[in-house]
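Colleague: Got a predicted model here, sequence first, then my questions.
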Amino acid sequence: MTAVSSARRWHVTLASEQAVLTQRLGGRASGHGVRFYAPRVWPGVGFGVPSDDVASLLSMVTEVVEEPTLHNRPVKSDASTVKVWSQPRVDADEDFVYIRGPVNVAERGYAFRPELSLQIRLEHLQELETMLERFLVA
């Protein structure tokens, strides 16, 4: 595993063919904070993060996409044509942003639940970056 960055609210580690993005809750970790503020993940389906974490998540994804060691990686032929991420949507009641796409967690489960780490295949990060950028500009 190679650590890419540990700045801001997210820490990124590269592991084989995927990036592991781990949220740091900081002061929000006390009490019920972990369960409320942690990313909500449905393995293989999508995830949600608090609205105020989207910019920090985008920053981490961009850092991985721009990592020089990844520029020489072979790109799968369908990676640029098949869209795997949905447009992010806001749940105003919970102040979370949700996006459908291929995300996994360390311990595979089949339920929607709070998780501190997201596992995303490297080949899908550039599209995720684009979707998050579009969301923040809108």
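Modeller: Cool, the structure landed.

Colleague: Next, count neighbours for residue 130.
Modeller: Neighbour count for residue 130, taken as other C-beta atoms under 10 Å: 15. Just so you know, the C-beta spots here come from the backbone N, C-alpha and C atoms, and that holds for glycine as well.

Colleague: ditto for the one 3 residues further on
Modeller: Residue 133: 13 surrounding residues under other C-beta under 10 Å.

Colleague: Not counting its neighbours along the chain, what's nearest it?
Modeller: Using C-beta to C-beta, 6 or more residues apart in numbering and skipping residues adjacent in sequence, the residue nearest residue 133 is residue 58, 6.4 Å away.

Colleague: now swap in residue 113 and tell me
Modeller: Excluding its sequence neighbours, the residue lying closest to residue 113 (C-beta to C-beta, 6+ apart) is residue 41, at 6.6 Å.

Colleague: so what's the one you found up against?
Modeller: Going by C-beta atoms under 8 Å, 6 or more residues apart in numbering, residue 41 touches 47, 103, 105, 112-115, 118.

Colleague: 6 Å instead?
Modeller: Contact analysis of residue 41 by C-beta atoms under 6 Å, 6 or more residues apart in numbering lists 47, 105, 115.

Colleague: Residue ranges in this structure under the pLDDT threshold?
Modeller: Scanning the chain for pLDDT under 70 picks out the ranges 1-8, 25-36, 69-81, 107-112.

Colleague: What are the boundaries of the strands in it?
Modeller: Under the criterion DSSP state E, the chain contains strands at 2-5, 10-15, 18-23, 40-42, 46-50, 89-91, 96-100, 113-114, 117-121.

Colleague: TSV for the ones you listed, including distance to residue 133?
Modeller: Formatted as TSV, the strands of the chain follow (distance: least, C-beta to C-beta, whole Å):
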stretch	distance to residue 133
strand 2-5	18
strand 10-15	16
strand 18-23	16
strand 40-42	22
strand 46-50	15
strand 89-91	16
strand 96-100	12
strand 113-114	26
strand 117-121	16
